[in-house]
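>>> Next input, structure requested:
(one chain, ligands or ions: 1)
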Amino acid sequence: MTVHRYHRQTLLEGIGNEGQERLRSASVLVAGVGALGCAVADHLVRAGIGHLRLIDRDLVEPTNLQRQCLFAEDDLGSPKAAAAANRLQAINHEVQLEAVVDDLRPTVANDMVDGCDGIADGLDNFATRFLLNDLSVKYGLPYAYGGAVGYEGTAAFLRPSPHHRKHLITREISEQESGPCLRCLVPEAPPAHHTPTCDTAGVLAPVIAVVAGLQAAALIQYLARGEHPLPHVLTRFDARAMRMHQLDISGSRREDCSTCIQGQFEALENANGNQATTICGRELIQLLPPEPKPTDLDALHQRLSAHGLFERQTFLLRGTLEEEFDEEGKPIGLTVFSDGRVFVHGTLTAARARAINNRWLGG
Ligand SMILES: [Zn+2]
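Numbering: from 1, shown residues only. Now for the predicted structure:
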């Protein structure tokens, strides 16, 4: 008998051929195919997961190549989800891959987890992470949370209470092994435009490898080993100090959590969240937050000044970004108001305007 490609994995105690079969029948949603999404998907595909659905709205850009491990120079300008799926298929022909080139938003979110057994977070903003958290609680799916910016990264493998689960899935999270959801840990998204993003603060690529490794290690073990209880911990990695810090979150479920205790799926039901409206033909797109979000324009001015020419005016901040161009090759302009409204200037789609908003202003 020839040694099969998963031999070194099936040798592992607790996985074996049975675990490998469980992986083959499992399906995972990779939400966002940027740096984290690429690295997690690479691990899952090599491990022999049966089916992977990849969703991302962006195109591959030159600044992605420093850290987004599935892309090469040939992929520049291609949709990330499609380019990643091509590369992953070349790595493992046995895996079923599905590429979705779209914005992960409430109207498509339910379909995205149809038939899935787990969710991998490759996102760059909290608004969409809350959407994943709603899906995780509603469908009883484990959620491999991850984030990386600057020299630091965070990962947690969240298995919320199955209390509100409304749908049949392959592998049920028992009440006993369940812990907090993301909303228990972070009840509200950080104020708009206050959070650094990879595009404004930079990111050290190996930090992403560490975080994605933790996310994938949890998902593979969970899906292959069935009963093995992984601990409820939030792991932080600081590359400058070369230190890992672990926080025990086993007791962090909030008694009044609106999502996993009260069963309100705010992000999923908020179909008009971050509503995009085209103004003046297609020259300008307005992004409206669901509720006014006070914005510290001075802090934002300081951050954006490294990436373009910005001018602070009484109620707003206005300027152009050096690294973003519209469909006609003109620099993209931004106007940010103190109530959180944003104008994205240029000939572009609503999805692109949302992407630019999340990239430069944080979600
Ligand atoms: Zn919760």
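
>>> Touching, Arg254 and Ile261? I think so.
Yes: contact criterion C-beta atoms under 8 Å: Arg254 and Ile261 qualify, at 7.0 Å. C-beta here means a position set from N, CA and C on the backbone, and glycine is covered the same way.

>>> ok, the two, which is more surrounded?
Ile261 (19 against 15; other C-beta atoms under 10 Å).

>>> For the longest helix along the chain, which residues meet the burial criterion?
Longest helix in the chain by number of residues (criterion: DSSP state H): helix 205-225. Going by neighbour count (16 or more other C-beta atoms under 10 Å), the buried part of helix 205-225 is 207-225.

>>> What's the local residue count around the residue lying closest to Ala72 once chain neighbours are set aside?
Nearest residue to Ala72 in three dimensions, chain neighbours excluded: Leu65, at 7.6 Å (C-beta to C-beta, 6 or more residues apart in numbering). When neighbours are counted by other C-beta under 10 Å, Leu65 registers 14.

>>> For the ion, see how far away Leu65 is.
According to C-beta to the ion, to the nearest Å, Leu65 stands 37 Å off from the ion.

>>> And Ala299, by the same measure?
30 Å.

>>> any idea which element that residue lies in?
helix 297-304 (DSSP states H and E).

>>> quick one, the helix or strand that that helix is followed by and helix 297-304 angle?
For helix 297-304, the following helix or strand on the C-terminal side (DSSP H and E) is strand 308-312. Calculated by axes from the mean of the first three to the mean of the last three C-alpha atoms, to 10 degrees, strand 308-312 forms an angle of 170 degrees with helix 297-304.

>>> buried ones in strand 308-312?
308, 310.

>>> What is that strand packed up against?
helix 297-304, strand 316-325 (3 or more C-beta pairs under 8 Å, 6 or more residues apart in numbering; DSSP states H and E).

>>> Take those and lay them out in a markdown table including mean neighbour count and mean pLDDT.
A markdown table is the format used below for these (neighbours: other C-beta atoms under 10 Å; pLDDT from 0 to 100):
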| stretch | mean neighbour count | mean pLDDT |
| --- | --- | --- |
| helix 297-304 | 16 | 93 |
| strand 316-325 | 18 | 92 |
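
>>> To Gly16, which of the ones you listed lies closest?
strand 316-325 (48.7 Å; C-beta to C-beta).

>>> Note down every partner strand of that closest one and its orientation.
On the basis of DSSP bridges, the sheet neighbours of strand 316-325 come out as strand 308-312 (antiparallel), strand 331-337 (antiparallel).

>>> For that strand, which outside residues touch it?
If you take C-beta atoms under 8 Å, 6 or more residues apart in numbering as the criterion, strand 316-325 is touched by 63, 297, 300-301, 304, 307-311, 331-338, 345-346, 356, 360.

>>> quick one: that strand to chain centroid distance?
Remark: strand 316-325 is offset 24 Å from the chain centroid, using C-alpha atoms, centre = their mean, to the nearest Å.

>>> Ok, stretch 206-214 next?
Relative to the centre of its chain, stretch 206-214 is centred 14 Å away, using C-alpha atoms, centre = their mean.

>>> go on, stretch 110-129?
7 Å.

>>> what about that stretch, start to end distance?
14 Å (C-alpha to C-alpha, to the nearest Å).

>>> residues of that stretch that come out buried?
112-113, 116-129.

>>> tell me, which of those residues make contact with the ion?
Restricting those to those touching the ion (C-beta under 5 Å from the ion) yields no residues.
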